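Enquirer: Sharing a sequence plus its predicted fold:
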Amino acid sequence: MEQQTKNLIVGAVETLAQATGIKVVYKANVPKTGNVYPDGFVRIDYKNMHWDFAIQTKVRVTRATVAIEKTQPTLPGHDRILVTEYATPPMADLMRQIGLLFMDTAGNAYINKPPLYIFIKGNKRPENLKPAPIKRLFKPAGLKVVFALLNNPQMVDWPYRQVAAVTDVALGTVDWIFRDLKEMGFLVEMGGRKRKITNPLPLLKRWVEAYPEQLRPKLGIERFKADDPNWWKNVDIADYNACWGGEVAAAKITKQLKPEKVIIYAPEPPGKLIIEKKLRKTATGDIEILKPFWKFDHKLIHLGIAPPLLIYADLMATGDDRNIETAEIIYDNYLAQPDRHDR
């Protein structure tokens with residue numbers, strides 16, 4: 001285990017113990033069981049009772065992080081607890097809402113194991129704790145390339161110039177992205193100019209966590225609102241040089257969701273559609289037009305639907321229970337690979 005991870009856990013455990021007066025003990029030595037690899041255990045003693053929690057560490061927590069952690073397995077007989085540097089009040093509320101136990105180094109925590117109940121939020125980030133820097137691989141340019149590679153694994157063997165052309169990323173930038181992939185354990189050189197993406201599942205999760213904060217905000221074009229909530233149902237979006245994302249895309253391919261928000265990926269606002277469906281431009285609209293950032297074909301393109309990985313990310317970024325449930329269906333149907341030991 002990296003010293004940084006150990007320090008994070010120890011800091012959170014000590015702060016929680018001080019804040020509550022409850023005995024909290026960190027156990028570092030953890031046997032690996034099956035496909036589940038916790039970062040340790042924490043034992044909490046309260047009123048002649050005790051609980052052992054399997055630890056999962058995350059330096060930063062976003063809505064997508066919370067959604068992903070909600071779906072992860074744990075060791076039989078153990079609840080999971082997320083340990084992070086700092087949980088903002090909105091993140092603390094979200095984790096409590098969906099039932100994800102957590103604690104941070106500021107003393108914020110949610111633990112609900114009756115008769116033990118702890119919910120602390122609003123403690124400020126420690127002054128000596130600076131936000132963890134974002135790895136450049138998970139900044140906008142890196143995210144574009146990683147997205148292309150996850151959707152087209154054969155692209156990893158392409159010349160950098162060809163990758164740059166498909167992803168709209170500068171040639172020199174593609175070079176350091178591939179170097180970062182290698183340094184972070186996501187790529188290996190096979191010899192004979194062959195390469196292979198390794199650890200695709202952790203890479204996919206990291207992409208899903210980073211996309212909503214790093215790349216998505218740069219894609220927004222305009223927002224609209226419709227008087228008819230079902231306006232989208234009989235629209236062939238491909239006729240407007242666009243495709244569905246988010247909840248509408250998920251509803252169309254799973255039949256499991258009633259969309260409340262609409263995401264359309266289009267190079268520019270589809271004027272003809274806006275006029276035909278009487279969409280009104282407004283900053284608070286629930287119809288969002290985002291600019292596509294990919295140029296490759298994929299399995300749902302003929303249906304006018306965005307790549308499954310992007311739909312999954314859009315849903316997980318909401319942190320909404322119903323969307324997380326549907327995202328899991330999309331993951332199992334379109335993203336899981338037989339040779340992966342998933343979730």
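Expert: It's in.
Enquirer: CA only for contacts and neighbour counts going forward, please
Expert: Fine.
Enquirer: give me the low-pLDDT residue ranges for this protein?
Expert: Segments of the chain classed as low confidence (criterion: pLDDT under 70) are 1, 29-37, 337-343.
Enquirer: and if we set it to 50?
Expert: The chain contains residues with pLDDT under 50 at 338-343.
Enquirer: Show me what the longest helix belonging to it packs onto, helices and strands only.
Expert: What stands out as the longest helix in the chain, according to DSSP state H, is helix 3-20. Identification of packing neighbours for helix 3-20 by 3 or more CA pairs under 8 Å, 6 or more residues apart in numbering; DSSP states H and E yields strand 23-27, strand 49-58, strand 79-84, strand 102-104.
Enquirer: Looking at the ones you listed, which one is packed in the most?
Expert: strand 102-104 (a mean of 27; mean count of other CA atoms under 10 Å).
Enquirer: Can you mark which positions in the next helix or strand after it are buried?
Expert: The helix or strand immediately downstream of strand 102-104 is strand 109-113, counting by DSSP states H and E. The neighbour-count check on strand 109-113 (16 or more other CA atoms under 10 Å) flags 109, 110, 111 as buried.
Enquirer: can you pull the contacts of the closest residue to the second one other than its chain neighbours?
Expert: Excluding the flanking residues, the one nearest residue 110 by CA to CA, 6 or more residues apart in numbering is residue 119, at 4.4 Å. Contacts were defined as CA atoms under 8 Å, 6 or more residues apart in numbering; by that measure residue 119 touches 108, 109, 110, 111.
Enquirer: give me the number of residues near the first one?
Expert: Applying the criterion other CA atoms under 10 Å, we find 27 residues in the vicinity of residue 108.
Enquirer: ok, it touching residue 90?
Expert: No. If you go by CA atoms under 8 Å, residue 108 and residue 90 don't touch, sitting 11.8 Å apart.
Enquirer: returning to that earlier point: dump the longest helix of the chain to PDB, keeping only the CA atoms.
Expert: Provided in PDB are the C-alpha atoms of helix 3-20 (Å, rounded to 0.1, in the frame of the first residue of the first chain):
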ATOM      1  CA  GLN A   3       2.200   5.600   2.100                       C
ATOM      2  CA  GLN A   4      -0.200   8.400   0.900                       C
ATOM      3  CA  THR A   5      -3.100   6.000   1.100                       C
ATOM      4  CA  LYS A   6      -2.100   4.800   4.500                       C
ATOM      5  CA  ASN A   7      -1.800   8.400   5.800                       C
ATOM      6  CA  LEU A   8      -5.200   9.200   4.400                       C
ATOM      7  CA  ILE A   9      -6.800   6.300   6.300                       C
ATOM      8  CA  VAL A  10      -5.000   7.000   9.500                       C
ATOM      9  CA  GLY A  11      -5.900  10.700   9.400                       C
ATOM     10  CA  ALA A  12      -9.600  10.000   8.900                       C
ATOM     11  CA  VAL A  13      -9.700   7.300  11.600                       C
ATOM     12  CA  GLU A  14      -7.900   9.500  14.200                       C
ATOM     13  CA  THR A  15     -10.200  12.500  13.400                       C
ATOM     14  CA  LEU A  16     -13.400  10.500  13.600                       C
ATOM     15  CA  ALA A  17     -12.300   9.000  17.000                       C
ATOM     16  CA  GLN A  18     -11.500  12.500  18.300                       C
ATOM     17  CA  ALA A  19     -14.800  14.000  17.000                       C
ATOM     18  CA  THR A  20     -17.000  11.300  18.400                       C
END
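Enquirer: Many thanks, I have nothing further to ask.
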